[in-house]
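Participant: below are the sequence and a predicted model for it; my questions follow.
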Amino acid sequence: MRIEKDSIGTVEIPDKAYFGIHSKRAQLNFPITDEKVHPLLLKNLLLVKIACAQANYQAHNLSYKKYHAITTAGAQIYTTFPDYQAEFITPAIQGGAGTSTNMNVNEVIANRALELLGHSKGDYAALHPNDDVNRGQSTNDVYPTGAHLALLQLNQMLAIELEKVIVVLKQLSDKYQNTLKLGRTQLEDAVPTTYGTSFNAYAHLFTRALQRIKQVHNSLLVLPLGGTAIGTGITANPEYLKNVVPLLSKIVGLPLKQADNLSDAIQNTDCFLMAADAFKNLAVALSKMCNDLRLLGSGPRAGLGELALPKVQAGSSIMPGKVNPVIPEAINQIAFQVCGYNATITMCSEAGQLELNAFEPVMFRDLFSAAELLQKGLKMLKDGCLTHLKVNQAHCAHQIEESAEIATVLAPKIGYVQATLLVKTALQQKVSIRKVLKEHLKLSATEIENLLAPESLLGCLHTNSISQPAKTAL
């Protein structure tokens, strides 16, 4: 064991450990969960530390020996991250506004750098986690910068899966563009529409969701890095301040920009709230569509039965042959969870006080979880449901034929009152509108066909005017 010391006292650290006293104290202080800080946040913090060391060296604020050791250590840990992952021991939810996570990264880099310099772990007189690895930095600008970068990656992965779902919905819209179905409002029979129209509406809905994610992507490119503690850049070299974001931009290959007002960027977290809102919006849209899929696929005999959802597993431990819509149900639950995360993130963002928001740890934990749940959920929905979804066209045609509300197409010709009487008669006598037209209005079979044939109904719907959603890419 080695003994490490801080302003509070001493702590024993295993000789082989790359983490140090700050990391160990956090592990002991926050026994809330076994969940550790997200690997993407840690890996991006490693890149931030490399950029900061480069900027300090260029500003003649760090010796070549230390700069080379820090950047080499950071790059090694990044490229072989699984070998070092156990060294990042701080819990995902922690007090201290992320200081424990920042120091965990500082200590692991410092101790690996010490090895490269021929020193023992913990020999901080030769290279220090605070004085050298954290030079010109504060948790308050570094930690959210790492979160920006992690969210940019997660956003990109989410956008890719969402684009794939939009493509499948467009394909379903094309396939069933002339398949008539009975529309419903407030769960009551309404006028005819087509499944092409329905799937196209979903495609438009998710295209807007993708556009919101794109807006989040752009806002996350603006970083608080360089603001240090409260946005004033205290302890940072002016040359470092000028170069650190461009250097990081080059490392990660993204057009990053330093915030125009670093005090604002450090104390306010609206960019993260914007991400949470985009995720919630997508979650609600997914849940609404899955509600529809479950209703439209209900049955097989006593439900609506218009859709044939893929059968992926047995549905009951007691009822033989029962199959449930488990994929849409899982999406609903993902949506509920993401909405819960949104509530937490909203409260965290509001609870910031004065020059800093101390609640970023749980905010980041929930943002990352939301993005990953949605990404995996979209893939599950596409592969396990949408790709193999079928419309029961014969059943839809039968429901249109039996519907009384198709009398709506007659209203412009015979008037609303007369059309209402037709509907009431059809419902009271439990007969089709066709029969009412024949027996009460004495229309010929040809006249009725001209009014109610599928091609006639399609001609009333103006489906050709419904545009496809525009492609949106990050």
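Facilitator: Good, I have the coordinates.
Participant: from Lys424, how far off is the nearest residue to Ala445 once chain neighbours are set aside?
Facilitator: Nearest residue to Ala445 in three dimensions, chain neighbours excluded: Lys438, at 7.5 Å (CB to CB, 6 or more residues apart in numbering). Where you see a C-beta, it was placed from the backbone N, CA and C, and this is true even at glycine. Computed with CB to CB, to the nearest Å, the distance linking Lys438 and Lys424 is 17 Å.
Participant: between the two, who's got more neighbours?
Facilitator: Set side by side, Lys438 and Lys424 show more neighbours around Lys438, with 16 against 13, by other CB atoms under 10 Å.
Participant: name the element that one belongs to?
Facilitator: According to DSSP states H and E, Lys438 maps onto helix 433-439.
Participant: tell me the mean pLDDT over that helix?
Facilitator: Taken as a whole, helix 433-439 has an average pLDDT of 83.
Participant: which secondary structure elements does that helix contact?
Facilitator: helix 416-429, helix 445-452 (3 or more CB pairs under 8 Å, 6 or more residues apart in numbering; DSSP states H and E).
Participant: residue ranges of the strands in the protein, please?
Facilitator: Here the chain has its strands, by DSSP state E, at 2-5, 10-13, 180-185, 188-194, 222-223, 257-258, 307-308, 390-391.
Participant: for these, which one sits closest to Lys280?
Facilitator: Across the strands of the chain, Lys280 has its closest neighbour in strand 222-223 (21.7 Å, CB to CB).
Participant: what helices and strands are in contact with that closest one?
Facilitator: Using 3+ CB pairs under 8 Å, 6+ apart as the contact test, the elements touching strand 222-223 are strand 257-258.
Participant: got a list of contacts for the strand it packs on?
Facilitator: Leu221, Val222, Leu223, Leu225, Gly226, Val244, Val245 (CB atoms under 8 Å, 6 or more residues apart in numbering).
Participant: excluding sequence neighbours, find me the nearest residue to the fourth one.
Facilitator: The reference is to Leu225. Thr145 (4.4 Å).
Participant: then the third one?
Facilitator: In space, Leu223 comes closest to Thr145 once its chain neighbours are excluded; the distance is 5.0 Å by CB to CB, 6+ apart.
Participant: so for the protein, the centremost residue is which one?
Facilitator: In the chain, the C-alpha nearest the mean C-alpha coordinate belongs to Ala371, at 3.1 Å (CA atoms, centre = their mean).
Participant: not counting sequence-adjacent ones, nearest residue to that one?
Facilitator: Leaving aside its sequence neighbours, Ala371 sits nearest to Leu154 (CB to CB, 6+ apart; 3.9 Å).
Participant: what about the closest residue to Gln85 other than its chain neighbours, distance to Gln27?
Facilitator: Spatially, and ignoring its direct neighbours in sequence, Gln85 is nearest to Pro39 (6.6 Å; CB to CB, 6+ apart). With the distance defined as CB to CB, Pro39 ends up 17 Å from Gln27.
Participant: cool, and Gln156?
Facilitator: For Gln156, the distance to Gln27 - CB to CB - is 32 Å.
Participant: can you check Tyr18 too?
Facilitator: Applying CB to CB, the value for Tyr18 to Gln27 is 14 Å.
Participant: cool, and Lys280?
Facilitator: Distance, Lys280 to Gln27, using CB to CB: 32 Å.
Participant: same check on Ile331?
Facilitator: Noted for Ile331: a distance of 36 Å to Gln27, by CB to CB.
Participant: hang on, the residue nearest to Gln85 packs against Phe81?
Facilitator: Yes - between Pro39 and Phe81 a contact is recorded at 6.8 Å, counting by CB atoms under 8 Å.
Participant: pLDDT weak spots in the protein?
Facilitator: 462-474 (pLDDT under 70).
Participant: domains in it, by residue range?
Facilitator: The record assigns the chain these domain ranges, following automatic domain parsing: 2-135, 141-390, 394-465.
Participant: run the chain-centre distance for the first one.
Facilitator: Centroid displacement of domain 2-135 relative to its chain, using CA atoms, centre = their mean, to the nearest Å, is 29 Å.
Participant: gap between Gln399 and Ser249?
Facilitator: From Gln399 over to Ser249 the distance is 57 Å, taken as CB to CB.
Participant: nope, Leu262 is what I meant
Facilitator: Leu262 sits 16 Å away from Ser249, going by CB to CB.
Participant: and Asn106, by the same measure?
Facilitator: With distances taken as CB to CB, Asn106 is found 22 Å from Ser249.
Participant: same question, Asp189
Facilitator: Using CB to CB, Asp189 is found at 57 Å from Ser249.
Participant: could you do Gly9 as well?
Facilitator: From Gly9 across to Ser249, the span is 41 Å (CB to CB).
Participant: next one: Leu427
Facilitator: To Ser249, Leu427 is 67 Å away according to CB to CB.
Participant: the two: who's more crowded?
Facilitator: Neighbours per residue (other CB under 10 Å) separate Leu427 from Ser249, with Ser249 holding more: 17 against 14.
Participant: how about the contacts made by that one?
Facilitator: Going by CB under 8 Å, 6+ apart, Ser249 touches Pro255, Leu256.
Participant: kindly report the same for the one 3 residues further on.
Facilitator: Residues counted as contacts of Val252 (CB under 8 Å, 6+ apart) are Asn44, Leu47, Leu149.
Participant: ditto for Thr269
Facilitator: Thr269 neighbours (CB under 8 Å, 6+ apart): Pro144, Cys348, Ser349, Gly352, Asn357, Glu360, Met363.
Participant: what about the residue nearest to Gln85, how many neighbours?
Facilitator: By other CB under 10 Å, the residues close to Pro39 number 14.
Participant: contact partners for the closest residue to Leu354 other than its chain neighbours?
Facilitator: Excluding the flanking residues, the one nearest Leu354 by CB to CB, 6+ apart is Gln267, at 7.1 Å. Residues in contact with Gln267, defined by CB under 8 Å, 6+ apart, are Ile230, Gly231, Gly352, Leu354, Glu355, Leu356, Asn357.
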